[in-house]
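[1] What follows is a predicted protein model with its sequence.
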Number of protein chains: 2
Amino acid sequence: MKYYVGIDLGGTNTKIGLVDEKGNIIFTTIVKTDSMEGFSETIQRLSKILITQIEGTNVNFDNVVSVGVGVPGPVLNSRVVKFWANFPWKHGMDLALEFEKNLGKPVKVDNDVNVITLGEMWKGAAQGYKNVLGLAVGTGIGGGIIVDGKLVSGEHGAGGEVGHIKIEPNGKLCGCGQKGCWEAYASATGIIREANSRLAINKQNLLYEMTKGRDLEAKDVFDAARKGDEFSIDIVDYEAEKLALGIGNLLSILDPEIVVVGGGVALAGDFLFDRVKEKLKDVAFPSILENLKIVTATLGNDAGILGAAYLGMM
Amino acid sequence: MKYYVGIDLGGTNTKIGLVDEKGNIIFTTIVKTDSMEGFSETIQRLSKILITQIEGTNVNFDNVVSVGVGVPGPVLNSRVVKFWANFPWKHGMDLALEFEKNLGKPVKVDNDVNVITLGEMWKGAAQGYKNVLGLAVGTGIGGGIIVDGKLVSGEHGAGGEVGHIKIEPNGKLCGCGQKGCWEAYASATGIIREANSRLAINKQNLLYEMTKGRDLEAKDVFDAARKGDEFSIDIVDYEAEKLALGIGNLLSILDPEIVVVGGGVALAGDFLFDRVKEKLKDVAFPSILENLKIVTATLGNDAGILGAAYLGMM
């Protein structure tokens, strides 16, 4: 049996896992990334943890074929991180080389949402499909595009940076500094902004009662809406409309077989997605929506590890 | 030497050409499509014209390897036309099979703008590139997406249907029946609509003088703007902003190496594209715009033939 390592390198925590060629997980472990200690130091420490973990299993390190890594940020040539989101590390570092020096195995790197999408294609909600649009709707909106089984990573590693498509000319200010970005409206952050903006002038609603005296979360809006709060249902409709606007654009361009949605907002489930599907009829052609599947990601935290392992395998 | 046939099947005219393996054109001919006579009859007649034309050359028909066809409409599995734009033919016909019956050669079919983009990649403005976004900006806006040298045709043959991405929520009505489509703003038709709408309340300008008593064309706006007409320059700025909005979204999603723009509006050249590049800075990330090439298509009418020949070759 052959084995593959998957690493999901995050700003706070890093997930490390070992997977067999069939996608069975041998182990996963979560460690603090502690990127402040420096690039080489961190990669060396993570590599040592990985090797120690593998020694604790029945798997011989010689049978580990390759290593895949997902990182938050654009990646060039499956190796070089063009710039780091949330890491105090130098831009343009060859992360694959650094792991290769420590592990002596071939390493491939890609953007974390791209990698998650690969994972969902290999072992999750998009199993059996080859043309997949993956979306991670949380603090921001990330995307992963798979065409014919392969990632569209882009010339500058920015393929699938769908959170920053503009859905409204000169629209809401986004964290990126530009205006009208999709994620300024449809991410969890977008929901919170919209809810707070509406709450500023309307306090006669359940959402206000529920969140009085604390910070509002996107989940509160869905919870209140499920309880019948019209004020919150309106915000869910707003969210569905904005999600549909971006998804519709992606469908018109890519015409995928399946859309897999992960991230915190996806936890709202059909309560949200039934509305999104309804709104999609106004912004995408019927022929594109024919038999289209829009599903929730199923692998959760394992998606990054499985996807990274699969990336190394490709 | 091996030879390849390229056919650009249009609503009014059909272009037929023979190309050698290096992309040298042996002949091209333009015939009336006359689709009213029926699907089988038309394909049979076009096939006979092709064979007769080849007999008039030094090329032996046995040395013709394959045939490629571009059609206006979505194409499934490189064979079946899901529905015809501008043809009175039944939807879902296997056009490849019909040509194969008449020609005895393997045939591949794809959407016409996809095929043009292939042509520009093989022998035109995108030669040497493998990640190409092709745009045809004329009456509408069509797109062709090439990733890693291969077309993204989509699950329903609608890959690259970029004219109908929404750039404004509930925006201008589009010919497709939906609202806010990119082509409702940035196509030649969009320019004409905008110009006429502005002319209705402002006749103190050169554009009005130039077009009084006749229908306005998009070209008039560029001509008047070049002569310094501020009213028309404003419309060119509007066009540049709307073009940039859609192109920016496509760049964020696909991150291509090169964008090739053809169609009537592209004839405006740098006068328009310098403005588009400036506006792009507001709607696409600097990292995506780094070294990005935005160029005018160079093959003109031959793009469809060369692209179709190349499609058959793939």
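    In hand now; what should we look at? Worth saying up front: this structure is predicted, and the values here are computed from it rather than measured. Numbers count the residues shown, from 1 in each chain, chains lettered A, B, ... in the order given.

[2] Whatever residue of the stretch 101-250 of chain A ends up closest to chain B - nearest residue in space that isn't next to it in sequence?
    Using C-beta to the nearest C-beta, the closest approach of the stretch 101-250 of chain A to chain B is made by residue A:154 at 2.6 Å. In this view, the C-beta of every residue, glycine as well, is placed from N, C-alpha and C. In this structure, residue A:154 finds its nearest non-sequential neighbour in residue B:255, 2.6 Å apart by C-beta to C-beta, 6 or more residues apart in numbering or on different chains.

[3] State the number of residues packed around the one you found.
    For residue B:255, the neighbour count with other C-beta atoms under 10 Å in any protein chain shown is 27.

[4] cool, and residue A:249?
    Neighbour tally, residue A:249, other C-beta under 10 Å: 27.

[5] secondary structure class for it?
    With DSSP: H, G, I helix; E, B strand; the rest coil as the basis, residue A:249 sits in helix.

[6] so what's it scoring on pLDDT?
    Predicted confidence (pLDDT) for residue A:249: 98.

[7] about what we covered before: my understanding was that the residue nearest to residue A:154 contacts residue B:288; is that so?
    Yes. The pair residue B:255 / residue B:288 is scored as a contact, 5.7 Å apart, by C-beta atoms under 8 Å.

[8] Next, show the common contact partners of the two.
    Residues touching both residue B:255 and residue B:288 (C-beta atoms under 8 Å, 6 or more residues apart in numbering or on different chains) are A:154, A:156, A:158, A:161.

[9] Neighbours of residue A:74, how many?
    Applying other C-beta under 10 Å, we find 26 residues neighbouring residue A:74.

[10] ok, it - contacts?
    So residue A:74 contacts A:81-83, A:111, A:154, A:156-158, A:161, B:287 (C-beta under 8 Å, 6+ apart).

[11] Could you list which of the residues you listed belong to strands?
    A:81, A:111 (DSSP state E).

[12] quick one: which of the contacts of residue A:74 is nearest to residue B:314?
    Set against residue B:314, the nearest of these by C-beta to C-beta is residue A:154 (22.3 Å).

[13] And the pLDDT for the closest one?
    pLDDT at residue A:154 comes out at 94.

[14] Would you confirm that it contacts residue B:147?
    No. Contact between residue A:154 and residue B:147 fails when scored by C-beta under 8 Å: they sit 9.1 Å apart.

[15] which neighbours do those two share?
    B:131, B:254.

[16] Residue B:199 versus the residue of the stretch 101-250 of chain A closest to chain B, what's the distance?
    Separation of residue A:154 from residue B:199 (C-beta to C-beta, to the nearest Å): 41 Å.

[17] residues near residue A:55, how many?
    10.

[18] just the buried members of the shared contacts of residue B:255 and residue B:288?
    A:154, A:156, A:158, A:161 (16 or more other C-beta atoms under 10 Å in any protein chain shown).

[19] Those: which two are farthest apart?
    A:156 and A:161 (9.3 Å).

[20] mind giving me the domain split of chain A?
    A:3-122+A:301-313, A:128-296 (automatic domain parsing).

[21] Which other helices and strands does the helix or strand where residue A:190 lies contact?
    Residue A:190 belongs to helix A:188-199 when elements are defined using DSSP states H and E. Here helix A:188-199 is seen to pack against helix A:182-186, helix A:206-211, helix A:218-226, helix A:230-254 when contacts are counted using 3 or more C-beta pairs under 8 Å, 6 or more residues apart in numbering or on different chains; DSSP states H and E.

[22] shared neighbours, residue A:156 and residue A:161?
    Listed contacts common to residue A:156 and residue A:161 are A:74, B:255, B:288; contacts here mean C-beta under 8 Å, 6+ apart.

[23] Go through the residues you listed and say which is closest to residue A:306.
    Using C-beta to C-beta, these come closest to residue A:306 at residue A:74, 21.7 Å.

[24] So what's the residue count around the residue nearest to residue A:263 when sequence neighbours are not counted?
    Closest residue to residue A:263 apart from its sequence neighbours, by C-beta to C-beta, 6+ apart: residue A:138 at 3.7 Å. A total of 17 residues lie near residue A:138 under the criterion other C-beta under 10 Å.

[25] Also residue A:60?
    For residue A:60, the neighbour count with other C-beta under 10 Å is 10.

[26] again with residue A:26
    Burial of residue A:26 is recorded as 17 neighbouring residues (other C-beta under 10 Å).

[27] Please give the element, helix or strand, for it.
    Assigned by DSSP H and E, residue A:26 falls in strand A:25-32.

[28] sorry, back to before: possible to save the helices and strands packed on helix A:188-199 as JSON lines with distance to residue B:33?
    Converted to JSON lines, the helices and strands packed on helix A:188-199 look like this (distance: least, C-beta to C-beta, whole Å):
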{"stretch": "helix A:182-186", "distance to residue B:33": "41"}
{"stretch": "helix A:206-211", "distance to residue B:33": "60"}
{"stretch": "helix A:218-226", "distance to residue B:33": "54"}
{"stretch": "helix A:230-254", "distance to residue B:33": "27"}
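
[29] Looking at the ones you listed, which one is packed in the most?
    Among the helices and strands packed on helix A:188-199, helix A:182-186 has the highest mean neighbour count (mean count of other C-beta atoms under 10 Å in any protein chain shown), at a mean of 28.

[30] helices and strands around it, which ones?
    strand A:141-147, helix A:188-199, helix A:230-254.

[31] Distance from the chain centre to that helix, please.
    15 Å (C-alpha atoms, centre = their mean, to the nearest Å).

[32] do stretch A:296-311 as well
    10 Å.

[33] follow-up on the earlier one: which residues touch the residue nearest to residue A:263?
    Contacts for residue A:138 were tallied using C-beta under 8 Å, 6+ apart; they are A:187-188, A:263-265.

[34] which SSE is the spatially most distant residue from the centre of chain A in?
    Going by C-alpha atoms, centre = their mean, the residue of chain A most distant from its centre is residue A:204, 35.5 Å out. For residue A:204, there is no enclosing helix or strand under DSSP H and E.

[35] Please apply the same query to the one 10 residues further on.
    When elements are defined using DSSP H and E, residue A:214 is found to belong to no helix and no strand.

[36] any idea how far it lies from residue B:56?
    In this view, residue A:214 and residue B:56 are 83 Å apart by C-beta to C-beta.
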